[in-house]
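# Kindly generate the corresponding structure for this input.
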Amino acid sequence: MRGEDLTIEEKVDRLAEQIESLARRVAALEGSKALPVAGPSADAPAASPGTVVPQAIPPRPGKPPDKPAAGEPDSFSEEMIQWASRASLFPRLATLCFLMVIALALRTITDSGIVNTLLGMGLGMGYAAALMVAGWYQYRRDSSLAPVFVACGAILMSSIVVETHARFQSLPLVPAYWTLMATGAGMAFISRQFKAFLPVSVGTLGMVLAGAAIDYPDPFFPYLFMILLTANFLGYYAGTLHRCGWLRWIVLFVTLAMFYLWGLRLEAVAARKITAAPTLAPGWFVPVLTAVSIALPTIAFLGIVRSREQVSVFDFCLPTINAVGLYLAARVVVSEADGSALALSLVAILFALLHFGAAFWLAMRKIEGVPGTNSFVVAGSILLVLALPAALGAVPAAPVLGIAALGMAVLSGRWGSGAIRATSYLLQGYAVVSLVPYFLGNGLTAAPLAGAVPAALLAAVALGHYRWCRRHAPPARSPLFGNYDKHDVSGVVPLLVGLTSSFFLLRGIAWHILAGRAGGADAFPCSQSIIINLAALGLGLYAFRARNREIRNVAILVIALGALKSTADLLGTKGLPLVFSVLSFGLAAATQSITLSRWQKAPPTTHSESRDPDKETG
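Numbering: from 1, shown residues only. Take a look at the predicted model:
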């Protein structure tokens, strides 16, 4: 009874004595291992009375102390055994085998006719549901066998639904889809409650694959997309857990693949001018397209808002993948004759504006770098690139794209986003590329001045874009401009766009004046060389006067193009036009030579200097 009446101080003292005794025993054991000699060591610490110090065990005769004997397990096998023990590998394998034995026994009973198919289906589904409930209970107990029960239950449920519907026709289509969705939702509930990634992964993946397999290759597409939309929202939740990013990519790929398959089937029906099968449900195509087009960007938007600063790759890419994939899938089935192509383009432009609105809202959160904003800017830009030429025509759409690019650049400065600034460069570059088929193809011969106004507008907008970029430096903390393009070299793209558009404009005017006139067939090709060479001459003089190294380099590039074009004139033309072509190149080369020789008299302005609003700098 004395031990029960000890005070706190006495208990602490006794505990300290026991710890000191244990420390002496450990030291004695380490000393005996270091000196494997029978008998006590002189340097060994004195043990307290009543403490037993074990003697060192000598090594086996003929065996080195540090090498295991033949037949003994090495360190690798020991690590494997320890890993299997930590992972509960063998208990899980044994549990899996026993669970599968019961499932196979139920399958055998059904196949042998002991019970009818409907009862066998009920037994199988009941068993799968019982496994999932047992898995939930095992998760509550923090058992290592919980993932086995959950995975077996979800996989069995999905396989039973597919086989019962496809092979035995015992389960109607609507209950089959609802059963799959209920399974996925139940697995997501288990994952949410216990913060486990396996249930939602197995449940969602089984739901998607089983839904795609039902009635393949002729599924009822509206019901199938009900499954796929549910799976995408479950994948959004799975993104909150670790190691579940791959699941979202698989679900998205299956969704877009099924949508494209649906579009191809409808296109084939329209091409053959036959009645569509009921499973194709052509009347549901546009409503389902609208629902998916809204759901997927909403998922990305919620993911960006949830992540705040570190946006996942999936959430960043989803709006763009959605925009491209669904527009192309819809473009497969629309017809140019009945005006549906124009309607699709107008709807796509509306969705582009909605994407820009989402980007504006994200930017208003006042988070440094406006993370995720460029995701919707890129998606909206791609929708404009796809839809505007179809709605307005390629040539009239070019200056509109240029104006949109300029607006993005201005907003990038206000929001402090280098990524949006880079996107504006790309969009401006595409705007001039869209003019190439007209000015370098057959469009110029049909209507020489039809593209003059769009080309002039694009040139003015692009040069204004370039001037704005040279007055406003990129954001200092932008990863793109801070680590890679530190001097904003890519900002020369709007200048090149402006020069190219100006060339297209002057080329159209030259064609209108010279084609079929007294100048002959060689006048128009040589006029293009003259335009290029005079542009190089003007750029060189301006660069020297403004001490602008960037424009000087552009002038060198332009004169190189002029040299190639004048060489082509020498090989393919003759007469007075050729004389003017070669003379213009000589003047441009001489001017460039003089300006370059005098360039070193005064140091040129570099990118690191301050950007004066009244003076453009390279």
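
# where does the residue nearest to residue 321 when sequence neighbours are not counted sit relative to residue 290, distance-wise?
Nearest residue to residue 321 in three dimensions, chain neighbours excluded: residue 252, at 6.9 Å (CB to CB, 6 or more residues apart in numbering). (Glycine included, C-beta is placed from N, CA and C.) Computed with CB to CB, to the nearest Å, the distance linking residue 252 and residue 290 is 18 Å.

# Do you know the pLDDT at residue 182?
You'll see residue 182 listed with a pLDDT of 92.

# And it, how far from residue 161?
Distance from residue 182 to residue 161, by CB to CB: 10 Å.

# higher neighbour count, those two?
residue 161 (28 against 14; other CB atoms under 10 Å).

# Is that one within a helix or a strand, and which one?
Using DSSP states H and E, residue 161 sits within helix 146-166.

# mind saving the C-alpha coords of that helix as CSV?
Output in CSV follows, covering the C-alpha atoms of helix 146-166 (Å, rounded to 0.1, in the frame of the first residue of the first chain):
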residue,chain,number,x,y,z
ALA,A,146,-10.9,-1.0,-45.2
PRO,A,147,-9.6,-0.2,-48.8
VAL,A,148,-10.0,-3.8,-49.8
PHE,A,149,-13.6,-3.9,-48.8
VAL,A,150,-14.4,-0.6,-50.5
ALA,A,151,-12.5,-1.3,-53.7
CYS,A,152,-14.0,-4.8,-54.1
GLY,A,153,-17.5,-3.5,-53.5
ALA,A,154,-17.3,-0.7,-56.0
ILE,A,155,-15.7,-2.9,-58.7
LEU,A,156,-18.2,-5.7,-58.2
MET,A,157,-21.1,-3.3,-58.4
SER,A,158,-19.9,-1.7,-61.6
SER,A,159,-19.2,-5.1,-63.2
ILE,A,160,-22.6,-6.5,-62.1
VAL,A,161,-24.5,-3.6,-63.5
VAL,A,162,-22.7,-3.8,-66.9
GLU,A,163,-23.0,-7.6,-67.3
THR,A,164,-26.6,-7.8,-66.0
HIS,A,165,-27.7,-5.1,-68.5
ALA,A,166,-25.7,-6.2,-71.5
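
# Could you list every helix and strand in contact with that helix?
helix 89-111, helix 117-140, helix 173-194, helix 197-213 (3 or more CB pairs under 8 Å, 6 or more residues apart in numbering; DSSP states H and E).

# Same question for it: list its buried residues.
Buried residues in helix 146-166, defined by neighbour count with 16 or more other CB atoms under 10 Å: 146-165.

# what do you get for stretch 232-249?
Those would be 232-236, 238-239, 241, 244, 247-248, for stretch 232-249 by 16+ other CB under 10 Å.

# Can you name the two of those that sit furthest apart?
232 and 241 (15.7 Å; CB to CB).

# Against which helices or strands is the helix or strand harbouring residue 553 packed?
Assigned by DSSP H and E, residue 553 belongs to helix 549-572. Secondary-structure packing of helix 549-572 (3+ CB pairs under 8 Å, 6+ apart): helix 493-514, helix 523-546, helix 576-597.

# Output these as JSON lines; include the columns mean pLDDT, distance to residue 24 and mean neighbour count.
JSON lines is the format used below for the helices and strands packed on helix 549-572 (pLDDT from 0 to 100; distance: least, CB to CB, whole Å; neighbours: other CB atoms under 10 Å):
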{"stretch": "helix 493-514", "mean pLDDT": "89", "distance to residue 24": "77", "mean neighbour count": "21"}
{"stretch": "helix 523-546", "mean pLDDT": "88", "distance to residue 24": "86", "mean neighbour count": "21"}
{"stretch": "helix 576-597", "mean pLDDT": "85", "distance to residue 24": "87", "mean neighbour count": "17"}
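
# I'd like the ones you listed laid out as CSV, including distance to residue 263.
Shown next, in CSV, are the helices and strands packed on helix 549-572 (distance: least, CB to CB, whole Å):
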stretch, distance to residue 263
helix 493-514, 34
helix 523-546, 43
helix 576-597, 51
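
# of all those helices, which lies closest to residue 353?
helix 493-514 (23.3 Å).

# got the contact list for the closest one?
Identification of contacts with helix 493-514 by CB atoms under 8 Å, 6 or more residues apart in numbering yields 402, 405, 425-426, 428-429, 431-432, 435, 439, 444-445, 448-449, 451-452, 455-456, 458-460, 462-463, 465-466, 469, 523-524, 527-528, 531-532, 535, 550-551, 554, 558.
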